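1. Here is a sequence together with a model predicted from it:
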Amino acid sequence: MTPPEYIWGYKHVTGRYKESPEESLNAIVKQIRKHFDCDENTLKKFLK
């Protein structure tokens, strides 16, 4: 498995370490919704 630091770069990955879990979840949901048409609440339930 390829580490995220290799894919997106060390600075980008470690720069997100300060996010709260809720901020991180919102960023993940936002990114997934760019590629898939889905309801935000359903997606959040699936990810939790």
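-> It's in. Residues are numbered from 1 along each chain as shown.
2. Work out the gap between the lengthiest helix in the chain and the centre of the chain.
-> As assigned by DSSP state H, the longest helix anywhere in the chain is helix 21-35. Relative to its parent chain, helix 21-35 has a centroid offset of 5 Å by Cα atoms, centre = their mean, to the nearest Å.
3. Just the CA coordinates for that helix, please, in CSV.
-> Only the C-alpha atoms of helix 21-35 are listed here, as CSV (Å, rounded to 0.1, in the frame of the first residue of the first chain):
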residue,chain,number,x,y,z
PRO,A,21,-12.1,14.8,13.3
GLU,A,22,-15.2,16.8,12.2
GLU,A,23,-13.1,19.0,9.9
SER,A,24,-11.5,15.9,8.4
LEU,A,25,-14.8,14.2,7.8
ASN,A,26,-16.2,17.3,6.1
ALA,A,27,-13.1,17.4,3.8
ILE,A,28,-13.5,13.8,2.9
VAL,A,29,-17.2,14.2,2.2
LYS,A,30,-16.5,17.3,0.0
GLN,A,31,-13.9,15.4,-2.0
ILE,A,32,-16.1,12.3,-2.5
ARG,A,33,-19.1,14.5,-3.6
LYS,A,34,-16.9,15.9,-6.4
HIS,A,35,-16.9,12.4,-7.9
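4. any idea which residue sits dead centre in the chain?
-> The residue lying closest to the centre of the chain (Cα atoms, centre = their mean) is residue 28, at 2.6 Å.
5. Thanks a lot, see you next time.
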